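Participant: Need a 3D model of the sequence below.
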Amino acid sequence: MREVLAARVRSVPPSGIRKFFDVIATMDDVISLGVGEPDFVTPAHITQAGIRSLERGETGYTSNAGVLELRKELSKHLARLYGLEYDPAEELLITVGVSEALALALLAVVEPGEEVIVPEPCFVSYKPGVIFAGGIPVTVEATVENGFQITAEDIEKKITPKTKALLIGYPNNPTGAVMSREKLSEIAALAEKHDLVVLSDEIYDRLVYGVEHVCFSSLPNMRERTILLSGFSKTYAMTGWRLGYAAAPENLLAGLRKAHQYIIMCAPTMAQVAGIEALQHGEDAVQEMLHEYDARRRVIVDGLNTIGMPCFEPKGAFYAFPSIQNTSLSSEEFSEKLLYDKKVAVVPGTAFGECGEGFVRCAYATSLVEIEEALSRMEDFVKQHRR
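Facilitator: Now for the predicted structure:
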């Protein structure tokens with residue numbers, strides 16, 4: 001039989017994260033620092049709102065754009081946090097997680113053969129998403145020396161006549177880096193100079209520690225050219241509810257909404273009702289989870305530095321990205337051997353781009369007890385494989 005799968009699909013390797021999750025599923029007593037998912041359950045009042053929705057028989061489709069009340073609450077939420085005004089009727093779209101929002105944005109914006117600049121290390125879906133949309137991802141490497149913050153100067157070196165968009169994700173997965181207002185402003189000026197669309201994935205916007213999160217579309221002249229992508233999964237521990245959103249000016253959002261109409265129809269109804277409750281009454285739970293993540297962050301970063309895995313201090317999300325260059329192992333070897341020898345799961349840095357070689361991602365979305373035990377096991381492992 002002839003090859004029937006499209007070349008763009010065949011060209012993308014399987015997820016580097018999924019490989020390790022599949023192995024973990026076959027093992028007992030593994031401490032996982034690999035899963036990028038809150039270990040908290042959804043706050044009870046949010047869950048109850050979803051249950052009440054089901055009990056009322058709200059099991060049908062909603063508007064393609066999402067429940068209007070949710071969009072109104074989201075509009076108020078963005079205005080309160082970032083001073084942004086989005087029309088709930090025409091400039092907000094509720095999606096099946098931020099993953100769908102990203103896919104829609106790329107489908108709506110990218111023509112076949114156009115280039116999208118993607119800073120690395122980055123979330124594993126970014127480059128495949130560009131390829132699936134028919135575009136060409138062009139990578140820009142962030143370095144630990146720059147605190148994993150990309151610079152306008154490095155981006156400009158990669159711009160060509162084919163460059164259509166810039167895809168950024170801060171607070172960053174996997175590094176935990178947060179971009180400063182100064183550096184984002186320089187990138188904003190660059191986007192305006194070269195007439196680029198900016199896709200800004202800000203799913204971790206509420207998980208920052210002692211620093212300011214700057215919403216890209218709140219920068220001067222950026223609202224008109226930015227597609228803001230975010231959701232409820234990380235902030236409200238609602239990963240399984242699959243609830244995200246895109247915010248953009250009407251001319252851009254219309255393209256996302258059209259693709260959404262044909263591909264998805266609408267996000268889950270009960271999840272949208274739960275999202276209303278999260279926005280209206282979820283702030284106390286957000287602050288409690290943030291406080292706990294911060295405590296874990298300090299323990300894991302200090303611990304990694306102590307055991308010989310130098311770690312830049314993450315200021316956002318719930319990831320640490322330590323160096324393993326004191327060992328004789330590659331990122332893939334380190335992660336695989338650590339899993340089998342010590343039953344601790346981390347993700348090789350190369351899952352997030354080639355420049356991730358020499359690093360691993362450790363998610364601190366697990367209990368302090370497990371983090372401390374993992375650090376103990378990792379200390380023994382690092383001693384065994386020290387250069």
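
Participant: how is this protein carved up into domains?
Facilitator: 7-42+284-384, 60-281 (automatic domain parsing).

Participant: Report the mean per-residue pLDDT for the shortest one.
Facilitator: Pointing back at domain 7-42+284-384 there. The average pLDDT within domain 7-42+284-384 is 94.

Participant: any chance of the domains of the chain in a markdown table, plus distance to Gln48 and mean neighbour count?
Facilitator: For every residue, glycine as well, the C-beta is placed using N, CA and C. Converted to a markdown table, those look like this (distance: least, C-beta to C-beta, whole Å; neighbours: other C-beta atoms under 10 Å):
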| stretch | distance to Gln48 | mean neighbour count |
| --- | --- | --- |
| domain 7-42+284-384 | 10 | 18 |
| domain 60-281 | 8 | 20 |
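
Participant: Output these as a markdown table; include the columns distance to Arg52.
Facilitator: Formatted as a markdown table, the domains of the chain follow (distance: least, C-beta to C-beta, whole Å):
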| stretch | distance to Arg52 |
| --- | --- |
| domain 7-42+284-384 | 14 |
| domain 60-281 | 8 |
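
Participant: what are the ranges of the strands in this structure?
Facilitator: 31-32, 92-95, 115-120, 136-141, 163-169, 197-201, 226-231, 244-247, 319-320, 344-345, 347-348, 360-363 (DSSP state E).

Participant: I'd like to know which of these is closest to Ile276.
Facilitator: strand 92-95 (10.7 Å; C-beta to C-beta).

Participant: Residues in contact with that closest one: which ones?
Facilitator: 62, 65-67, 70-71, 74-75, 86, 101, 104, 231, 243-247, 253, 256-257, 260, 264, 266-267, 272, 275 (C-beta atoms under 8 Å, 6 or more residues apart in numbering).

Participant: in the stretch 51-200 of the chain, which spans are helices?
Facilitator: 68-82, 97-109, 126-132, 152-157, 181-193 (DSSP state H, counting those that start in this stretch).

Participant: Just the CA trace of the first one, in CSV.
Facilitator: Looking back up the chat, that one is helix 68-82. This file holds the C-alpha atoms of helix 68-82, laid out as CSV (Å, rounded to 0.1, in the frame of the first residue of the first chain):
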residue,chain,number,x,y,z
LEU,A,68,-21.7,34.5,26.8
GLU,A,69,-21.7,34.9,30.6
LEU,A,70,-18.2,33.2,30.7
ARG,A,71,-16.9,35.5,28.0
LYS,A,72,-18.3,38.5,30.0
GLU,A,73,-16.5,37.3,33.1
LEU,A,74,-13.3,36.7,31.2
SER,A,75,-13.5,40.2,29.8
LYS,A,76,-13.8,41.7,33.3
HIS,A,77,-10.9,39.3,34.4
LEU,A,78,-8.5,40.6,31.7
ALA,A,79,-9.5,44.2,32.4
ARG,A,80,-8.9,43.8,36.1
LEU,A,81,-5.5,42.1,35.7
TYR,A,82,-4.0,43.9,32.7
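
Participant: Who are the packing partners of that helix?
Facilitator: strand 92-95, strand 244-247, helix 269-281 (3 or more C-beta pairs under 8 Å, 6 or more residues apart in numbering; DSSP states H and E).

Participant: who wins for proximity to Val138 among those?
Facilitator: Nearest of these (C-beta to C-beta): strand 244-247, 22.7 Å.

Participant: any idea how far that closest one is from the chain center?
Facilitator: Its chain's C-alpha centre and that of strand 244-247 lie 13 Å apart, by C-alpha atoms, centre = their mean, to the nearest Å.

Participant: what sits against Ala49?
Facilitator: Val273, Ala274, Ile276, Glu277 are the contacts of Ala49 under C-beta under 8 Å, 6+ apart.

Participant: Could I get those residues in CSV, plus columns for pLDDT and distance to Arg8?
Facilitator: Shown next, in CSV, are the contacts of Ala49 (pLDDT from 0 to 100; distance: C-beta to C-beta, whole Å):
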residue, pLDDT, distance to Arg8
Val273, 98, 37
Ala274, 98, 35
Ile276, 98, 38
Glu277, 98, 40
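
Participant: Report the separation between the closest residue in space to Pro128 that isn't next to it in sequence and Ser125.
Facilitator: Sequence neighbours aside, Val12 is the residue nearest to Pro128 in space, at 4.5 Å (criterion: C-beta to C-beta, 6 or more residues apart in numbering). Counting by C-beta to C-beta, to the nearest Å, the separation of Val12 from Ser125 is 10 Å.

Participant: sorry, back to before: my guess is the residue nearest to Pro128 meets Tyr126, correct?
Facilitator: No - when contacts are counted by C-beta atoms under 8 Å, Val12 is not listed as touching Tyr126 (11.5 Å).

Participant: about what we covered before: could the helices and strands packed on helix 68-82 be laid out in JSON lines, adding distance to Glu372?
Facilitator: Below are the helices and strands packed on helix 68-82 laid out as JSON lines (distance: least, C-beta to C-beta, whole Å):
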{"stretch": "strand 92-95", "distance to Glu372": "38"}
{"stretch": "strand 244-247", "distance to Glu372": "33"}
{"stretch": "helix 269-281", "distance to Glu372": "31"}
